[in-house]
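>>> Have a look at this fold, sequence not included:
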Ligand SMILES: [Fe+2]
Ligand SMILES: [Fe+2]
């Protein structure tokens with residue numbers, strides 16, 4: 001399959017736009033807890049009319065912490081996957097090797113960046129926030145699937161970060177500047193990652209029999225189900241964290257509304273916004289047109 005992207009061009013762009021963790025956090029670069037961390041399209045706190053504006057802000061920040069943690073978590077399986085994918089052809093195309101190793105290095109850097117932001121959050125937020133995991137266990141479960149299934153999940157995640165920044169973050173001037181800077185810098189490097197994921201998905205599918213492509217697509221759906229189960233658990237944790245942080249005890253009806261609104265919010269954030277990305281669907285459609293139609297159908301539950 002002739003790709004629309006190339007390792008050489010992607011590497012050249014990556015080398016031009018690269019940044020250091022030290023440029024983004026540390027010293028006087030601090031989180032401002034008087035501001036929201038996530039845009040409303042991801043946090044969806046406004047429909048929760050039983051909360052005060054201060055409580056909505058606290059919930060937005062809890063979701064922001066969840067964002068740091070969840071990206072750290074998915075990058076825990078992206079990094080080993082990349083190394084495994086690069087290794088068998090280290091003596092092939094030099095641009096391929098360099099682009100993939102740089103990609104891996106950037107993901108290791110992103111893991112560190114998200115961790116540093118998470119530490120800064122914990123230092124500034126009044127109470128602890130619970131999270132799903134441990135990340136290594138989730139990574140092991142994801143990586144037990146076929147490489148084509150895993151690469152489709154990674155492709156979806158990287159296009160998703162593009163959408164988050166361009167559609168919701170870039171023009172939102174109410175956000176904490178530090179958190180916004182994190183999302184902007186992540187977006188800058190993920191733009192190359194999404195292209196490299198496309199190249200990896202194409203290479204893996206070219207080497208697959210029709211039955212293996214079928215298996216890859218069903219593994220993609222299985223991993224999506226696994227992640228969705230984790231996200232629903234995260235909503236329960238967020239509700240506990242919210243009650244702990246605000247001292248407010250939600251009654252049964254409020255808990256049900258919290259669960260319903262935040263489940264849709266978190267599903268859109270980490271699944272729907274990637275599943276419906278036109279570039280992701282384009283790659284899946286090239287692989288198998290019927291799979292694209294299935295994913296479009298499935299995505300309705302996550303939007
Ligand atoms: Fe990343
Ligand atoms: Fe990435």
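All right, it came through fine. It should be emphasised that the depicted structure is a prediction, and the values quoted were computed from it without experimental measurement. Residues are numbered from 1 along each chain as shown. Ligands and ions are numbered 1, 2, ... in the order given.
>>> does stretch 164-174 come close to ligand 2?
No: on the criterion CB under 5 Å from the ion, stretch 164-174 is out of touch with ligand 2, staying 12.5 Å away. For the C-beta atoms, the positions are set from N, CA and C on the backbone; glycine is no exception.
>>> quick one: average pLDDT of that stretch?
Across stretch 164-174, the average pLDDT comes to 98.
>>> For the stretch 101-250 of the chain, which residues are neighbours of ligand 2?
Residues of the stretch 101-250 of the chain found near ligand 2 (CB under 5 Å from the ion) are 158, 190, 193.
>>> Closest one of those to ligand 2?
Each of those was scored against ligand 2 by CB to the ion, and residue 193 proved nearest at 3.5 Å.
>>> Now intersect the residues of the stretch 101-250 of the chain next to ligand 2 with the helices, please.
Using DSSP state H, the members of these that fall within helices are 158, 190, 193.
>>> Name the nearest of those relative to residue 71.
Taking CB to CB as the measure, residue 71 lies nearest residue 190 of those, at 9.8 Å.
>>> quick one: contacts for residue 258?
Shown in contact with residue 258 (CB atoms under 8 Å, 6 or more residues apart in numbering): 48, 235, 239, 242, 250.
>>> same thing but at 10 Å, please
Residues counted as contacts of residue 258 (CB atoms under 10 Å, 6 or more residues apart in numbering) are 48, 50, 51, 59, 235, 236, 238, 239, 242, 243, 250.
>>> Which pLDDT value goes with it?
Per-residue confidence for residue 258 comes out at a pLDDT of 98.
>>> Residue 7 too?
We have a pLDDT of 98 for residue 7.
>>> all helices of the stretch 51-200 of the chain, in order?
Secondary structure of the stretch 51-200 of the chain by DSSP state H, counting those that start in this stretch: the helices cover 53-86, 94-124, 135-143, 147-163, 177-206.
>>> Let me see the contact set for the one residue in the stretch 1-150 of the chain that gets nearest to ligand 2.
Using CB to the ion, the closest approach of the stretch 1-150 of the chain to ligand 2 is made by residue 107 at 5.4 Å. The neighbourhood of residue 107, defined by CB under 10 Å, 6+ apart, consists of 74-83, 154, 158, 189-190, 193.
>>> picking that back up, relative to residue 5, which of the helices of the stretch 51-200 of the chain is closest?
When the helices of the stretch 51-200 of the chain are ranked by proximity to residue 5, the top entry is helix 177-206, at 4.1 Å, counting by CB to CB.
>>> Now do that closest one: which elements does it pack against?
When contacts are defined as 3 or more CB pairs under 10 Å, 6 or more residues apart in numbering; DSSP states H and E, helix 177-206 sits against helix 7-17, helix 53-86, helix 94-124, helix 147-163, helix 210-246, helix 278-287.
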